[in-house]
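> next comes the sequence, and after it the predicted model I'd like to discuss.
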Amino acid sequence: MLTHTSSMEPLPLSELLKARPRFSVHMPKRLIASALWDYGEDALAQRALGMSEEERLQIDRICAWYEMPDYPLPMTGQRITHNHVAAFAAITYFEGAVRPLARSRRRPAKDRPADFDD
């Protein structure tokens, strides 16, 4: 699990889409979609299922920046997981800026629709 603190300023989307030096992330499309669903972002979860490989690569680049322990993500009171990072990165890519998740806690995995299973 990751612990994020806010000792740095958020980067604009144009910078987040550039590769982070010496660090990369690979998030499969279904993992991104299920992370969005887990946190109540149903419309974006459906969009993620149909995204192109180029869109997925862009989200990977954003994830690499958001994995930095001091990157300021809009979440307090709990440890930030890789699942959170995937959801935040997809929101940033699809909407142009990061924002809080619709839910702070995951929905039960047993309730996840089959479309989002690996």
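Thanks, I have it. None of the values given here were measured: they were computed from a predicted structure. Residues are numbered from 1 along each chain as shown.

> show the low-confidence segments of the protein, by residue range.
The chain contains residues with pLDDT under 70 at 1-7, 118.

> try it again at 80.
Low-confidence regions of the chain, defined by pLDDT under 80, span residues 1-7, 116-118.

> now do the helices in it.
In the chain, the helices defined using DSSP state H lie at 13-16, 29-38, 42-49, 53-66, 82-95.

> in JSON lines, list the ones you listed along with mean neighbour count and distance to residue 76.
In this view, the C-beta of every residue, glycine as well, is placed from N, C-alpha and C. JSON lines is the format used below for those (neighbours: other Cβ atoms under 10 Å; distance: least, Cβ to Cβ, whole Å):
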{"stretch": "helix 13-16", "mean neighbour count": "14", "distance to residue 76": "21"}
{"stretch": "helix 29-38", "mean neighbour count": "23", "distance to residue 76": "19"}
{"stretch": "helix 42-49", "mean neighbour count": "18", "distance to residue 76": "22"}
{"stretch": "helix 53-66", "mean neighbour count": "19", "distance to residue 76": "15"}
{"stretch": "helix 82-95", "mean neighbour count": "23", "distance to residue 76": "12"}
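
> can you tell which of these is closest to residue 106?
Evaluated over the helices of the chain, closeness to residue 106 peaks at helix 29-38, with 4.4 Å, by Cβ to Cβ.

> quick one: the closest one to helix 53-66, angle?
Relative orientation of helix 29-38 versus helix 53-66 (axes from the mean of the first three to the mean of the last three Cα atoms, to 10 degrees): 60 degrees.

> now distance to residue 72 too, for the helices of the chain, in TSV please.
Conversion of the helices of the chain to TSV gives the following (distance: least, Cβ to Cβ, whole Å):
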stretch	distance to residue 72
helix 13-16	13
helix 29-38	19
helix 42-49	21
helix 53-66	10
helix 82-95	11
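
> out of those, which comes closest to residue 74?
Each of the helices of the chain was scored for nearness to residue 74 using Cβ to Cβ, and the closest is helix 82-95 (7.7 Å).

> chain center to the closest one: distance?
Centre-to-centre, helix 82-95 and its host chain are 2 Å apart (Cα atoms, centre = their mean, to the nearest Å).
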